[in-house]
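# this one's structure only:
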């Protein structure tokens, strides 16, 4: 299995420090910059990332970083990168390889929505009925009362089958038993329908908006629009999954944008209010009795792997069907060369 570790600098460094992997030490022989100094004068990556020549200048030791590399060799990681003050502190593996991202897509859609909400293009209080949305088999009048905000926070109360698996819909209450906005369920249908609502209200394809609003402004290096397409079983739901493919070094740019709140010289900023809604629901889930984050993460990773296999089977089936389709009848009025 190939996957990219989430290269958000605060997660990468905090996790390593918690495990005793990184030894932070101030050295008198080098020009040390404190964390507060780095935060006060951040560097933003340009076309490429700059690197830190001596880790001691930012409070880390080479031996500590070497211990992190030793641990990474035991993991099936495509790549790992740690960022301090906008420059690469350490890297491991292949940072350019583009990997399939599963639920990271949901956070990126939250990021995309921010400026559209701020400008009034997206109204979080609009209902499914007001948007004219519908799905396979239809919805009840009560279900149509769900709002865009309900989709964003996984509280729609619409327990319709999703076009892709990998969620908690199997444990959903009976349809019609919960009012919108009152019950949180990790449902891919909610997240996929949110993508549909985004496209309806903005008039833009998610991937096109992703490229123009985030990818280009923060100078991602490895994004390829041509590799992005929605997937899923449209006989179950018309709202398909909008998975994304990023490299480790490009994910680091996303993480750094979130840390620094905005990217200078662009219109990209951290839509904090929108992300707070998503984050609060994640915390609600984590606080549930007997919730085991590690166990749940492993379950979702296994499910994502199954999803990718199923999507590949569907892709091959569509290609085979396309190849076996008879040629269209000849136009009798066409000129013969």
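It's in. Predicted model, so just to flag it, every value in this text is computed and none were measured.
# Provide a list of residues in contact with residue 256.
9, 44-45, 83, 86 (C-beta atoms under 8 Å, 6 or more residues apart in numbering). Every C-beta, even on glycine, is put in place using the N, C-alpha and C of the backbone.
# Out of those residues, which one has the lowest pLDDT?
pLDDT across these is lowest for residue 9, at 33.
# For the contacts of residue 256, work out which two are farthest apart.
9 and 44 (13.1 Å; C-beta to C-beta).
# Which one of these two is surrounded by more residues?
The neighbour comparison of residue 9 against residue 44 (other C-beta atoms under 10 Å) goes to residue 9, with 20 against 16.
# which one of the contacts of residue 256 sits closest to residue 55?
residue 83 (12.4 Å).
# next structured bit after the host helix or strand of the closest one?
According to DSSP states H and E, residue 83 maps onto strand 79-84. Downstream of strand 79-84, the first helix or strand assigned by DSSP H and E is strand 87-93.
# other SSEs contacting that following strand?
helix 62-72, strand 79-84 (3 or more C-beta pairs under 8 Å, 6 or more residues apart in numbering; DSSP states H and E).
# Compute the inter-axis angle for it and strand 79-84.
Between strand 87-93 and strand 79-84, the angle comes out at 170 degrees (axes from the mean of the first three to the mean of the last three C-alpha atoms, to 10 degrees).
# now residue 181: how far from residue 129?
The gap separating residue 181 from residue 129 is 15 Å, by C-beta to C-beta, to the nearest Å.
# just the helices in the protein please.
For the chain, helices defined by DSSP state H occupy the ranges 9-18, 35-40, 62-72, 104-119, 128-131, 148-152, 188-202, 206-210, 248-260, 272-286, 293-324.
# Excluding chain neighbours, what is closest to residue 142?
Distance criterion C-beta to C-beta, 6 or more residues apart in numbering; nearest residue to residue 142, sequence neighbours excluded, is residue 176 at 6.2 Å.
# Check the gap between residue 252 and residue 237 for me.
Distance from residue 252 to residue 237, by C-beta to C-beta: 33 Å.
# Which residue of the two possesses the greater neighbour count?
A direct count of neighbours by other C-beta under 10 Å for residue 252 and residue 237 places residue 252 higher, at 28 against 22.
# was I right about the more buried one contacting residue 84?
No: between residue 252 and residue 84 there is no contact under C-beta atoms under 8 Å: 11.4 Å.
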